[in-house]
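*Asks:* Sharing a model prediction with you, sequence too.
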Amino acid sequence: MGNRGGALHRPDKTLSNRRWKTKAWICCALSFKGRSREVMAPNRYTELFFLDEATALAAGHRPCYECRRRDATHFAELWQMAHGLPGKPRAADIDNVLHRERTRNGSIPRCEPASLPNGAFVLWQERPHLVLSRALRPWTLQGYGRSIDFPDTPVALLTPPAIVAVLRAGYSPILHPSAQFISGIGS
């Protein structure tokens, strides 16, 4: 689950035209300390639901420091290493970089899929695909499809480049079980 820092919905639980309220786009745990809340409650943040963490990262979200502190701390440590920073970045520093990359005015970088780390997302044949185990897995609402060999042509990179650098540095996002089944992991 994630959010974009505020209420993006109307009292009738329909989405407004607003797509974010702050630069802090976070990916949260579905359950935390037994808390329970009404989805799209009036005057509360709008919950966003993702297939898995790799999907959230591709959308430009980072791990939450409250409910996923260990992951957020690890992500920040790898961010520091990947970006050659002298010290651990603050959440706001990460958010500023990701906001710039999310609002790049439609300019989507292209790259060779074989150059990407596990967990990155690309657009190929007009569909999003997860890079995993040296292949592409088509994304669907139900999970990931069967493995597809890398195409011979460059593809559009959906995951923000700054997050791709963190994936290269060793961050392993939580994946939907269908990715593990298809890749043979854990079977």
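*Replies:* Okay, I see it. Numbers count the residues shown, from 1 in each chain.
*Asks:* Measure how buried the nearest residue in space to Leu78 that is not next to it in sequence is and give me the count.
*Replies:* Computed as Cβ to Cβ, 6 or more residues apart in numbering, the closest residue to Leu78 that is not its neighbour in sequence is Ala169, at 4.2 Å. From N, CA and C alone the C-beta is placed, and that goes for glycine too. Residues within reach of Ala169, counting by other Cβ atoms under 10 Å, total 16.
*Asks:* wait, doesn't Ala169 sit right on Ala76?
*Replies:* No: the pair Ala169 and Ala76 fails to qualify as a contact (Cβ atoms under 8 Å) at a distance of 11.2 Å.
*Asks:* ok, back up a step: wait, what's in contact with the residue nearest to Leu78?
*Replies:* Each residue near Ala169 by Cβ atoms under 8 Å, 6 or more residues apart in numbering is listed here: 78-79, 81-82.
*Asks:* List only buried entries from those residues.
*Replies:* With neighbours counted by 16 or more other Cβ atoms under 10 Å, these contain buried members at 78-79, 82.
*Asks:* closest to Asp52 among these?
*Replies:* Leu78 (18.5 Å; Cβ to Cβ).
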